[in-house]
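[1] make a model of this:
(one chain, ligands or ions: 1)
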Amino acid sequence: MPELPEVETVMRGLAARLQGRRIVRAAVSRPDMRWPFPEGLAARLTGARVEGFRRRAKYILMRLDAGQSVLIHLGMSGRLVLDRAAPNRPVAHEHLVLETDHGWRMGFVDPRRFGSVDLVATTDEDSHRLLAGLGPEPLGADFTPEQLSDALAGRRTPIKAALLDQRTVAGLGNIYVCEALFRAGISPRRSAHTVAGARAGRLVPAIKATLEEAIAAGGSSLRDYVQPDGELGYFQHAWKVYGREGEPCERCPGDAACTGIARIVQSARSTFYCPRTQR
Ligand SMILES: [Zn+2]
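    Coordinates of the predicted model:
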């Protein structure tokens, strides 16, 4: 499932190739993905100029010249693929295709169809039903230790679950929550309301740094954020705790008290952490 840094990388790849270009052809292969496509989507996209892009949480907004934005969510298995020329045969599970005036082609491929595409007036992006309830953007200036402390006040759920709640902070998924809590030295089991003061002061920069490092990894491993095969957004990145159950923890090398990275299940999701240094 793409997480925020992958979505940011996808957005940068789209911007590098499509910004300023005109859509000369658009087509959909079915009436819906997770939700129905907007009425007349292909006709409304055809002829539009791509003005720019914005990411909000794990959503991509492609802004068009007529004051409309295309809201794209990759869902669980969605992939955006950029090609220079049209393939000579149909692409399996490709539900939306755009072609531009400089000969590029963007396909939205999604076998499981948890992804979605919608249109929204650019001035009303933030009141779209999928974006309206989201908390602050983790890389934004309004996501601060004070803001996070306020959002967690009185909440008795584990901090891990509170951070996965998109109303607390937008766009964080399982991997980056595990990584950020490790970086901040905070136990994923800690009651959310106790993450205030100095702990919130460690956690907010840890979240930002974890995301920024992953985005930088995408930028350094992909040319213009696009893979050689045209796929957008995926890149190799080494996790410090995620998926590393039983491996030595980099924070306590050679420490006999450290039994390595542990895995527990919280809210039906795996959590990876160092029980010795994360308190
Ligand atoms: Zn450790």
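[2] against residue 210, how distant is whichever residue of the stretch 51-200 of the chain sits closest to the ion?
    The nearest approach of the stretch 51-200 of the chain to the ion comes at residue 182, 8.8 Å away (CB to the ion). (Each C-beta comes from the backbone N, C-alpha and C, glycine too.) Per CB to CB, to the nearest Å, residue 182 is found 9 Å from residue 210.
[3] check residue 218 too.
    Noted for residue 218: a distance of 13 Å to residue 210, by CB to CB.
[4] look at these two and report which has more neighbours.
    Shown here are residue 218 and residue 210; by other CB atoms under 10 Å, residue 210 has more neighbours (26 against 22).
[5] that one belongs to a strand, doesn't it?
    No: counting by DSSP: H, G, I helix; E, B strand; the rest coil, residue 210 falls outside a strand, being helix.
[6] of all of the stretch 151-279 of the chain, which residue lies closest to the ion?
    residue 249 (2.9 Å).
[7] test my guess that that residue contacts residue 241.
    Yes: using CB atoms under 8 Å, residue 249 is in contact with residue 241, at 7.5 Å.
[8] looking only at neighbour counts, state which of the two leads.
    Set residue 249 next to residue 241 and count neighbours by other CB under 10 Å: residue 241 wins out with 25 against 22.
[9] quick check: residues of this protein near the ion?
    Neighbours of the ion within the chain, by CB under 5 Å from the ion: 249, 251-252, 258, 274, 276-277.
[10] make a ChimeraX selection of the buried ones in those residues.
    What follows is the ChimeraX syntax for the buried subset of the residues of the chain next to the ion, where burial is set by 16 or more other CB atoms under 10 Å:
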select :249,251,258,274,277
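[11] pick the one among the residues of the chain next to the ion closest to residue 150.
    Of all the residues of the chain next to the ion, residue 150 sits closest to residue 277, with 26.9 Å by CB to CB.
[12] what helix or strand is the residue of the stretch 51-200 of the chain closest to the ion located in?
    helix 174-184 (DSSP states H and E).
[13] what's the answer for residue 244, then?
    With DSSP H and E as the test, residue 244 turns up in no helix or strand.
[14] that one and residue 270 touch, don't they?
    No: the criterion here is CB under 8 Å, and residue 244 misses it with residue 270 at 10.9 Å.
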